[in-house]
Structure formats: C-alpha cells, structure tokens
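Asks: Turn this into a structure:
(one chain, ligands or ions: 1)
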Amino acid sequence: MNLYKQAADLIKKKSNIVAFTGAGISVESGIPDFRSSGGLWERFDPNEYAEYSAFLKWPEKFWTMHSELSEMVLTAEPNPAHLALATLESMGKLTTVITQNIDFLHQRAGSSRVLELHGTGETASCLSCEKQYDRVTVEKIRETAHVPRCTVCDGLIKPNVVLFSELPPVDVFEEARRALLKADLVIIIGSSLSVYPAAALPSVVSFANTPLIIINEEPTSMDNYANVVIQGKAGEIFPRIINALNENSNFN
Ligand code: NAD
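Replies: Below is the predicted model of the structure:
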C-alpha cells in the first residue's frame, strides 16, 4: 500500500487529530527554516540575533534579522499544507494545530484553534512597562528608529516571540500538552524536533500509544515511533493524502 493511502487510512476514522508544525511547513510559502541549507542561521548567528540576553545587549541586531523575516512573512501566502490542515478541520477530523511558527499562516489558511508555542510577530510588548503594541504600530515607530522604544517609558519594545533562552508561555505549553494527550492521531509536519522544550512535546504520543504520522524533508528523532513517515515537501505530500482520503467514499 502506498504511503499516502496508509496516511489516509489512519486519518479516515479520526475526529480529534492534532497537528504539530515547525518552520518546514512554511518553507514552500517562501519563509526559510533556520537550519536547512539557505536557512536563516547561515547568515544570522542565533546566539547574537535571536537569544534573549543578546536582544538586551544588541537589539539592533535582532531588529535587522526580524525586519527581514517580517518582510517574508508579510508577503507569504498559506501553501497547500496549511490549507490541507484547515480542510481536515472542516471535515470534522482535526481539532488543534500546535505550531512553533510565528508567521500566522495557519490562521490565514482557516485553522481556528492554533496554539503558538513560540508566540507571534503580530504583537509586541515594552520590556519595562509591559505596554502592548500591535505590529502596525511598531512598524510606524520603526519608520524613524531602527530599534523601537516605548512611547510611554522609552523601554525596549520586543515582539511577543519566544527567543532562545526564553521559555514558551506556560499556559499555551500546558494546553498543547493536554491536546496531544487527548488526540486520537498526531501529525508532525516540517519540524526538525530539535528546538527544546517545544520539541519534547510530541514525545507524549509514545507513552500514550497514539498513532503518529510524520511528514518532513529529513529524518527526525521520532521516526521510530511513527506509523507512517513520509519524507518530502509537505505542500506536495498533503494534497495527495487529502486526495487518497477523498477517493475513499466512506471516509467517516
Ligand atoms: P527547523 O528549522 O529546526 O526544522 C525545519 C524542518 O523542516 C527540517 O527538519 C527540514 O528538513 C524540514 N523541511 C524543510 N522544508 C520542508 C518542506 N517543504 N516540507 C517538509 N519539511 C520541510 O524548524 P523548527 O523545528 O520549526 O524549529 C526552528 C525554530 O525556528 C522554531 O522554533 C520556529 O519558531 C522558528 N522559525 C519559525 C519560522 C516561521 O514562523 N515560519 C521560520 C523559521 C524559524
């Protein structure tokens, strides 16, 4: 049996699928991941550009990288993999997307319950007085200052994204853990499963004995636990799985 059919067979009787996504799902939307060749880390050392204490020391470096990433995010469109997850939700099969991404593409594709483990670039906060800003306001401030400062107290403004050495928001992490424990199928898409603590979350499926599908361009540390592993581009693989699902007229 081909892998697409095997994946479709696992999906067809499920009603509480949880997807766990990483940067790889958005690569075909034009946003590079961090580790692959051509990825952002080839040009921006994460210890200087994306680590919390480095942000406090050299905020200008962070904003240089963030401006580049934001430009890509703003021009990106959801690709067939994001859309397929929204389709599975509309079919009554998928309930939750847990993502490490900050690009908002799942929401734009139509997924309604998206747990953002690494926060979002859509909002920002003052690190001193905690005033909240939306992205557009921060962009306005940045028209005259590369490093934006709080309009109330002159503190540093930081997008509400989780940098290295920061912890993911505890409430979101806990909600994600509970969703994974209750899932009747987990699908991991486009994650190297190497950024902790987020990468540790899907391991709950191994002791809960939950069926697992992995779609990624390269092998991952959880491939041994998966019922189906499909290596390749998520945006090409997912439509084939949805086709295989639709070919089976009795997919409920
Ligand atoms: P990662 O960069 O560590 O791994 C991405 C994985 O996706 C790799 O294993 C790669 O082989 C695979 N991949 C690449 N293109 C693919 C494709 N077309 N289809 C399927 N798989 C593909 O990413 P990660 O595990 O998500 O962790 C990196 C961190 O970087 C995350 O914490 C995330 O917050 C952040 N990040 C986010 C974005 C975004 O929001 N789009 C982009 C870059 C990095």
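
Asks: which residues are contacting stretch 123-138?
Replies: 56, 70, 121-122, 141, 148, 150-160 (C-beta atoms under 8 Å, 6 or more residues apart in numbering). C-beta: built from backbone N, CA, C; applies to glycine.

Asks: Is that stretch in proximity to the ligand?
Replies: No - applying C-beta under 6 Å from any ligand atom, one finds stretch 123-138 separated from the ligand by no less than 13.8 Å.

Asks: Next, the buried residues of that stretch.
Replies: Ala124, Ser125, Cys126, Leu127, Tyr133, Arg135, Val138 (16 or more other C-beta atoms under 10 Å).

Asks: What of stretch 206-221?
Replies: Quick answer for stretch 206-221 (16+ other C-beta under 10 Å): Thr210, Pro211, Leu212, Ile213, Ile214, Ile215, Asn216, Glu217, Thr220.

Asks: what do you get for stretch 142-149?
Replies: Neighbour-count burial for stretch 142-149 flags Arg142, Pro148 (criterion: 16+ other C-beta under 10 Å).

Asks: first vs last residue of that stretch, how far apart are they?
Replies: Taking C-alpha to C-alpha, to the nearest Å as the measure, stretch 142-149 stretches 9 Å from start to finish.

Asks: Narrow the contacts of stretch 123-138 to just the buried residues.
Replies: Of the contacts of stretch 123-138, these count as buried by 16+ other C-beta under 10 Å: Ser70, Gly121, Glu122, Ile141, Pro148, Cys150, Gly155, Leu156, Ile157, Lys158, Pro159, Asn160.

Asks: where does the stretch 1-150 of the chain dip in pLDDT?
Replies: 1 (pLDDT under 70).

Asks: so where do the helices sit in it?
Replies: For the stretch 1-150 of the chain, applying DSSP state H, counting those that start in this stretch gives helices covering 3-12, 46-49, 52-57, 59-75, 80-90, 105-109, 135-141.

Asks: Report whether the fourth one contacts the ligand.
Replies: It stands for helix 59-75. No - judged by C-beta under 6 Å from any ligand atom, helix 59-75 and the ligand are separated, with a smallest distance of 6.8 Å.

Asks: Does that helix pack against any helices or strands, and if so which?
Replies: Using 3 or more C-beta pairs under 8 Å, 6 or more residues apart in numbering; DSSP states H and E, the elements in contact with helix 59-75 are helix 46-49, helix 52-57, strand 119-126, strand 157-161.

Asks: 6 Å instead, please
Replies: helix 46-49 (3 or more C-beta pairs under 6 Å, 6 or more residues apart in numbering; DSSP states H and E).

Asks: counting contacts, what elements does the helix it packs on pack onto?
Replies: Against helix 46-49 (3+ C-beta pairs under 6 Å, 6+ apart) you get helix 59-75.

Asks: Recalculate using a threshold of 10 Å.
Replies: helix 52-57, helix 59-75 (3 or more C-beta pairs under 10 Å, 6 or more residues apart in numbering; DSSP states H and E).

Asks: who touches the shortest one?
Replies: Contacts with helix 52-57, where a contact means C-beta atoms under 10 Å, 6 or more residues apart in numbering, come from 45-49, 51, 61-63, 66, 127, 156, 158-159, 162-167.

Asks: Please convert the buried members of the residues you listed into ChimeraX selection syntax.
Replies: To isolate the buried members of these in ChimeraX, using 16+ other C-beta under 10 Å:
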select :49,51,61,62,63,66,127,156,158,159,162,163
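
Asks: how near is Val114 to the ligand?
Replies: 12 Å (C-beta to the nearest ligand atom, to the nearest Å).

Asks: What residues are recorded as beta-bridge partners of that residue?
Replies: Beta-bridge pairing of Val114 under DSSP bridges involves Val97.

Asks: touching the ligand at all, stretch 164-177?
Replies: No - Stretch 164-177 is not in contact with the ligand by C-beta under 6 Å from any ligand atom; minimum separation 8.9 Å.

Asks: Quote the end-to-end distance of that stretch.
Replies: Note: stretch 164-177 ends 20 Å apart using C-alpha to C-alpha.
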